[in-house]
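A.B. asks: Make a model of this:
(2 chains)
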Amino acid sequence: MMPYTVLLCDDALFMRTMLRSIISGGGYEVIGEAGNGRAAVELYATLRPDFVVMDMVMPELSGIDAVREICALDPSARIVMCSAMGQERIVSDAIAAGARGFINKPFTPSRVLEALAALVEVTA
Amino acid sequence: MIALDEREHDAVCELVNIASGNAASALAQLLGQRTMISVPKLTFAEIEDISNVLGASGAPNVVVSMQILGDVTGCLLLIMPSERAHDLSARLLRLSQPQSGEFDRNAQSALQETANILGGAYAGALGVVLNGIVMISVPSFGVTPPGDLLMRLRTASNPTPFGLCIETTFTIGDDAVECGGHMVLLPGDGALESIVSSLNLAA
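C.D. replies: Residues are numbered from 1 along each chain as shown, chains lettered A, B, ... in the order given. Modelled structure (predicted):
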């Protein structure tokens, strides 16, 4: 069975490196990385990954706006937000924009994999 | 101008204690090591005085700056001596030895993300107090004398003459390495009044 594919979107190289290690170790295939929201939308359109892990605060286009644009492009997109801004109303805004889950930074590897596993359930 | 009475000062201290505790937990998780925090030392003063505390003519420090956005505005700065910042970035990147000299791309990114997470802890505490949304912008990395930077910000964009300086020391790992610095909050127009008003309501 082919592994689920993941697009990583975070402006911090450090965080992308950490997420890539966790997600690859969990049996998923990271097929792209974006450093801002605009690049995330463009890469999503090109790569059509199964899942997206999206930072909230990024240059060019915010994570929430990128989620909106990706969901307009593909209403079945499965996106989990990943942010240090875990305030209840901000999480609600992300979910309203189309995100299917939220990972608070900093995170444990198990929390990241749990959030991706929840997206697999959505797929099924 | 705004002055804090004793009760308001206590309330701000409590807010900072909670935020700093959350920040320590966040840092511990990021580092994967036990992290203890000293009682934060709080200075609420005119920016010129904070500038002097930080050393207006001192050696360049690592300064990661973030804009505060949402129901209150302002600027939040994480300031660390370069040596401590090198040590922290080495721990974050799991390097055996700290680097020296200029901060490479990976070290800058690790320190920016640390500021983002620590800033998120402070923004979260502010959001709870205000019962609103407080966010921070993308962090910007620099190495500069912090006092000079504060004075530039004071002149360029900060409409209030006051700032909040929080000095904190984190003790990391079994070898108890101290890693500390300052968080400086420069409130935007009306921000301090909103915070104090919310603290009064919550008291």
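A.B. asks: Who are the packing partners of the host helix or strand of residue B:135?
C.D. replies: Secondary-structure element containing residue B:135, defined by DSSP states H and E: strand B:134-136. Counting by 3 or more CB pairs under 8 Å, 6 or more residues apart in numbering or on different chains; DSSP states H and E, the packing neighbours recorded for strand B:134-136 are strand B:61-70, helix B:105-130. No exception for glycine: its C-beta is placed from N, CA and C like everyone else's.
A.B. asks: Quick check: can you name the pairing partners of that strand and their directions?
C.D. replies: Its sheet considered, strand B:134-136 pairs with strand B:61-70 (antiparallel) by DSSP bridges.
A.B. asks: In contact with the closest residue to chain A within chain B: list those residues for me.
C.D. replies: Nearest residue of chain B to chain A: residue B:120, at 2.8 Å (CB to the nearest CB). Residue B:120 makes contacts with A:83-86, A:105, B:26, B:136, as judged by CB atoms under 8 Å, 6 or more residues apart in numbering or on different chains.
A.B. asks: How about the residues of chain A by chain B?
C.D. replies: Listed as neighbours of chain B in chain A under the rule CB under 8 Å from any CB of the partner chain: A:11-15, A:17, A:56-59, A:83-87, A:89-90, A:105-108.
A.B. asks: now with 6 Å?
C.D. replies: A:11-15, A:57, A:59, A:84-85, A:87, A:89, A:105-106 (CB under 6 Å from any CB of the partner chain).
A.B. asks: Pipe those into a markdown table and attach secondary structure per row.
C.D. replies: What follows is the residues of chain A next to chain B, written out as a markdown table (DSSP: H, G, I helix; E, B strand; the rest coil):
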| residue | secondary structure |
| --- | --- |
| A:11 | coil |
| A:12 | coil |
| A:13 | helix |
| A:14 | helix |
| A:15 | helix |
| A:57 | coil |
| A:59 | coil |
| A:84 | coil |
| A:85 | coil |
| A:87 | coil |
| A:89 | helix |
| A:105 | coil |
| A:106 | coil |
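A.B. asks: and these, which two are the farthest apart?
C.D. replies: A:13 and A:89 (29.1 Å; CB to CB).
A.B. asks: Spatially central, which residue of the chain would that be?
C.D. replies: Using chain A. Nearest to the geometric centre of chain A sits residue A:53, at 1.4 Å (CA atoms, centre = their mean).
A.B. asks: Hmm, no, I was thinking of chain B.
C.D. replies: Geometric centre of chain B, nearest residue: residue B:183, 2.2 Å, by CA atoms, centre = their mean.
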